[in-house]
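In: Provided below for reference: sequence and predicted model.
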Amino acid sequence: MKLRTNVLAAIGLAFAAGAAQAEIVVGVVVSATGPAASLGIPERNTIALMPTTIGGEKVRYVVLDDASDTTSAVKNVRKLISEDKVDVVLGSTITPNSLAMIDVVAENQTPMISMAASSKIVEPVDEKKRWVYKTPQNDQQMATAIIEHMLDAGVKTVGFIGFADAYGEGWLQQFQTIAEARGLKMAAVERYNRTDTSVTGQVLKLISARPEAVLIAGSGTPAALPQKALKERGYTGKIYQTHGVANNDFLRVCGKDCEGTFLPAGPVLVADQLPASNPVRKSALEYVAKYEKAHGEGSVSTFGAHAWDAGLLMTAAVPEALKKAKPGSKEFRAALRDALEGIKELPGAHGIFNMSPTDHLGLDQRARVMVQIQNGGWKLVK
């Protein structure tokens, strides 16, 4: 009898220890190498700044590099779900990879918070995308900011060159629709690949169309290629980039050829230039301080901030999910998905998040500012 009691006690202690050691497993997929490395590296760096305990539970991060490759992104997310048994996925860095991961997370009913920009990642919210959220501003929000700036500057004709993938096509669709509705004429449309080393042919066609402004829809350092080619060929009109270039590596690669360029960006890029009344200033500066403490003054980028905001969303949702289920279960993943959808007035580095069953981004116009590249740095356009 005494032996049986001891055995039962030991089993009870084992269960208690197991419960105490329950942990939340976070799978992370970033493009830390390849063409999108200048975006993925600050995201990976930011993961190291995220909390190791949430709601009294330990958090373990499993970080994988997809090398800016769609096939690798899908392979990684399958591994994270099947082998690492993750409760939530953060990633990936770029639009094509994030889109490719949706089927996998939906099939396995695992919530995912993307750090890529295209609205197609979360819209429309259907049976698959109900499991998917994202932190970067939508193309429409940023395209509207560019068009308003162009109109204020008296621009009437625009040339376009963008990536020949989901990011570039998404931007073309949104920009062209809004531009034509606002009376801007699309003078020429060209495309190029992230891995191209020359865009001379496309740039010559753009210049021959004589647009008053050119929009380059690329991201990271590959977005510098068309701009440098335009300058080399003597183009003197206004040049606009998307928020996909808002990091120091782009400035380094593009150099003097990017001087005077306009782009929309999240407030975090110019956090210290925001007025005290800006509702995002405080939360943006908090991220800047944490990142620069770890990586040096001037090292912060908007892309790391997208990862930071993904972490903030996760951190806000976990305590609610823990009220319904334990980590490692299907029920916890479902509760986490529901909790993400219910987040309201959460200040992040890029804006104030208000999620809903039909909006899995949750950002409004407070999440954007116009910026100009001046003297090799970022200047808030007031």
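Out: That came through fine.

In: now Leu230: how far from Glu123?
Out: From Leu230 across to Glu123, the span is 32 Å (C-beta to C-beta, to the nearest Å). Placement of C-beta: from N, CA and C, glycine included.

In: whoops, Glu83 was the one
Out: When C-beta to C-beta is the yardstick, Glu83 and Glu123 sit 31 Å from each other.

In: So which of the two has more stuff around it?
Out: When Glu83 and Glu123 are compared on other C-beta atoms under 10 Å, the one with more neighbours turns out to be Glu123, at 17 against 10.

In: Excluding covalently adjacent residues, which one is nearest to the residue nearest to the spatial centre of the chain?
Out: Nearest to the centroid of the C-alpha atoms of the chain, with distances taken as C-alpha atoms, centre = their mean, sits Met115, at 2.9 Å. What sits nearest to Met115 in space, not counting adjacent residues and going by C-beta to C-beta, 6 or more residues apart in numbering, is His306, at 4.3 Å.

In: Does that neighbour belong to a helix, a strand or coil?
Out: Secondary structure state of His306, per DSSP: H, G, I helix; E, B strand; the rest coil, is helix.

In: What's the mean pLDDT across stretch 120-136?
Out: Confidence over stretch 120-136 (mean pLDDT, whole number) is 97.

In: Helices of the stretch 251-382 of the chain, residue ranges please.
Out: 281-295, 302-322, 330-341 (DSSP state H, counting those that start in this stretch).

In: Distance from the chain centre to the longest one, please.
Out: To tie it back to what came earlier, the one meant is helix 302-322. With C-alpha atoms, centre = their mean, to the nearest Å as the basis, the distance from the averaged C-alpha position of helix 302-322 to the chain average is 12 Å.

In: circling back to that earlier point, quick one: residues contacting the residue nearest to Met115.
Out: With contact taken as C-beta atoms under 8 Å, 6 or more residues apart in numbering, His306 is in contact with 43, 115, 135-136, 266, 350.

In: low-scoring stretches of the stretch 1-150 of the chain, by residue?
Out: By pLDDT under 70, the weakly predicted segments of the stretch 1-150 of the chain are 1-21.

In: and Val105, that one's in a helix?
Out: Yes - when classified by three-state DSSP, Val105 is found to be part of a helix.

In: surely it meets Val88?
Out: No - applying C-beta atoms under 8 Å as the test, Val105 and Val88 come out as separate, 9.3 Å apart.

In: how close does the residue lying closest to Ala145 once chain neighbours are set aside sit to Leu215?
Out: Leaving aside its sequence neighbours, Ala145 sits nearest to Pro264 (C-beta to C-beta, 6+ apart; 4.1 Å). Counting by C-beta to C-beta, the separation of Pro264 from Leu215 is 11 Å.

In: Find residues that contact each of those two.
Out: 146, 242.

In: quick revisit: my read: the residue nearest to Ala145 touches Thr242, true?
Out: Yes - between Pro264 and Thr242 there is a contact at 7.2 Å, judged by C-beta under 8 Å.

In: quick one: common contacting residues for these two?
Out: Taking C-beta under 8 Å, 6+ apart as the contact definition, Pro264 and Thr242 share the neighbouring residues 142, 146.

In: Enumerate every residue touching Thr221.
Out: Contact partners of Thr221, counting by C-beta under 8 Å, 6+ apart, are 35, 38, 249-250, 253.

In: And those residues, which is closest to Leu99?
Out: Of all those, Pro35 has the smallest distance to Leu99: 16.6 Å, by C-beta to C-beta.

In: rewinding a little: which one's more surrounded, Val105 and Val88?
Out: A count of neighbours by other C-beta under 10 Å puts Val88 above the other of Val105 and Val88, at 29 against 26.

In: For that one, list the residues it contacts.
Out: Residues counted as contacts of Val88 (C-beta under 8 Å, 6+ apart) are 24, 26-27, 110-113, 314, 333, 336.

In: do the same with Leu313
Out: For Leu313, counting by C-beta under 8 Å, 6+ apart, the contacting residues are 113, 133, 135, 340, 343, 346, 348, 353.

In: now, which of those lie within strands?
Out: Secondary structure defined by DSSP state E assigns 113, 133, 346, 353 of the contacts of Leu313 to strands.

In: now those residues as TSV including neighbour count?
Out: TSV is the format used below for the ones in strands among the contacts of Leu313 (neighbours: other C-beta atoms under 10 Å):
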residue	neighbour count
Ile113	26
Tyr133	29
Leu346	18
Phe353	24
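
In: any chance of the contacts of Leu313 in JSON lines, plus distance to Val155?
Out: Conversion of the contacts of Leu313 to JSON lines gives the following (distance: C-beta to C-beta, whole Å):
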{"residue": "Ile113", "distance to Val155": "36"}
{"residue": "Tyr133", "distance to Val155": "35"}
{"residue": "Thr135", "distance to Val155": "30"}
{"residue": "Leu340", "distance to Val155": "39"}
{"residue": "Ile343", "distance to Val155": "38"}
{"residue": "Leu346", "distance to Val155": "36"}
{"residue": "Gly348", "distance to Val155": "32"}
{"residue": "Phe353", "distance to Val155": "33"}
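
In: Closest one to Glu292 out of the residues you listed, please.
Out: Relative to Glu292, the closest of the contacts of Leu313 is Gly348; by C-beta to C-beta it sits at 17.4 Å.

In: Kind regards, and thank you for your time.
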